[in-house]
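# attaching a predicted model along with its sequence, questions to come.
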Amino acid sequence: MPGGRLTQQERQQIALGLADGLAYAEIGRRLGRPTSTVTREVLRNGGPGGYRADLAHRATEHRTKRRKPAAPRGPEAAPQPHGRDAEAVREYEEVFTTVLMQTGMPKMTARVLTCLFTSDEGSMTAGELVRRLQVSPASVSKAIAFLDSQGLVRRERDERRRERYVADDDVWYQSMLASAQGTAALAMTARQGVGVLGPATPAGVRMENVARFVDFVSEAIVRAAEQAREVLHTKPGAPAADTARD
């Protein structure tokens with residue numbers, strides 16, 4: 001029934017829909033379920049290419065048996081600003097968190113980043129994150145340390161001298177630069193291997209190819225990040241100035 005747990009038959013229909021190349025929205029329409037329900041179900045259980053109805057059903061039953069009684073919701077139960085549907089927001093946050101986890105991000109880190117991105121302010125203190133996610137301060141601290149190392153958040157002090165963690169439009173740019181630096185370090189290390197293994201040996205040639213490929217990717221990442229930042233974050237009035245010169 002809509003709103004309840006997916007049945008095994010519904011999961012089989014999801015698997016058939018994926019095999020037929022149907023979009024999540026179309027599968028949801030045929031089941032009478034929200035698109036977010038189908039999206040979350042697939043991403044939690046192997047993704048579009050690895051979803052199996054029987055395994056997904058068993059995994060859900062296993063999670064249900066292990067799950068402790070849920071604590072009463074605190075801030076999540078509060079009315080949403082701008083007339084948003086609180087349940088729709090909660091479901092979307094779960095989907096976004098799951099997608100981040102599919103990229104290899106740890107679950108708590110993904111939850112923290114989702115929290116920051118979906119807040120109107122785009123920033124929170126450690127205490128606000130602890131209350132919002134109902135987790136320990138140590139969990140938030142560890143997640144923030146990881147996000148900081150990846151350039152996905154920045155730190156600033158508010159008027160009360162509290163440290164706030166910010167995820168604004170610029171964090172993806174900074175993250176791309178951090179990624180490029182990591183790939184550049186890999187290229188440098190690969191070239192060190194060429195000297196050790198010998199440039200004329202099969203292993204040496206392989207390492208040189210790795211270095212060249214990674215160099216190319218690293219430079220492309222930086223160029224794309226710079227271009228995207230310039231195009232997406234051009235200040236109002238700049239195009240008009242260019243037009244005036246013409």
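Happy to help now that I have it.
# buried residues of the longest helix seen in the chain, list them for me.
Ranked by residue count and defined by DSSP state H, the top helix of the chain is helix 202-232. For helix 202-232, burial by neighbour count (16 or more other C-beta atoms under 10 Å) applies to 204, 207-208, 210-211, 214-215, 217-218, 221-222, 225, 229. From N, CA and C alone the C-beta is placed, and that goes for glycine too.
# could you dump those residues to CSV with pLDDT and distance to Arg29?
CSV is the format used below for the buried residues of helix 202-232 (pLDDT from 0 to 100; distance: C-beta to C-beta, whole Å):
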residue, pLDDT, distance to Arg29
Gly204, 94, 56
Met207, 95, 51
Glu208, 95, 52
Val210, 94, 46
Ala211, 93, 49
Val214, 91, 44
Asp215, 91, 47
Val217, 89, 39
Ser218, 88, 43
Ile221, 87, 38
Val222, 88, 42
Ala225, 85, 38
Arg229, 81, 38
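# which two in those residues are spaced the farthest apart?
Gly204 and Arg229 (37.7 Å; C-beta to C-beta).
# which one of the buried residues of helix 202-232 is nearest to Arg84?
Arg229 (29.2 Å).
# so where's the protein shaky on pLDDT?
Across the chain, the ranges flagged by pLDDT under 70 are 1-3, 63-79, 233-246.
# I'd like to know how far the spatially most central residue of it sits from Leu113.
Central residue of the chain (C-alpha atoms, centre = their mean): Leu100, 2.7 Å from the mean position. Noted for Leu100: a distance of 6 Å to Leu113, by C-beta to C-beta, to the nearest Å.
# ranges for the strands of this structure?
123-125, 154-157, 163-166 (DSSP state E).
# looking at the ones you listed, which is nearest to Leu31?
strand 123-125 (35.6 Å).
# show residues contacting that closest one.
With C-beta atoms under 8 Å, 6 or more residues apart in numbering as the test, strand 123-125 has contacts from Cys115, Leu116, Arg132, Glu156, Asp158, Arg162, Glu163, Arg164, Tyr165, Val166, Ala167, Asp168.
# and if we set it to 7 Å?
Where contact means C-beta atoms under 7 Å, 6 or more residues apart in numbering, the residues beyond strand 123-125 that reach it are Cys115, Leu116, Arg162, Glu163, Arg164, Tyr165, Val166.
# so what strands line up beside that strand?
Sheet pairing of strand 123-125 (DSSP bridges) gives strand 163-166 (antiparallel).
# off-centre distance for the strand it pairs with?
Computed by C-alpha atoms, centre = their mean, to the nearest Å, the chain-centroid distance of strand 163-166 equals 19 Å.
# give me the contact list for it.
Outside strand 163-166, the residues touching it (C-beta under 7 Å, 6+ apart) are Leu116, Gly122, Ser123, Met124, Thr125, Ile144, Val153, Arg154, Arg155, Glu156, Arg157, Asp158.
# 6 Å instead?
Ser123, Thr125, Ile144, Val153, Arg154, Arg155, Glu156, Asp158 (C-beta atoms under 6 Å, 6 or more residues apart in numbering).
# Ala86: which of the strands of the chain is closest?
Comparing these under C-beta to C-beta, the one sitting nearest is strand 123-125, at 18.2 Å.
# buried stuff in that closest one?
Judged by neighbour count using 16+ other C-beta under 10 Å, the buried positions of strand 123-125 are Ser123, Met124.
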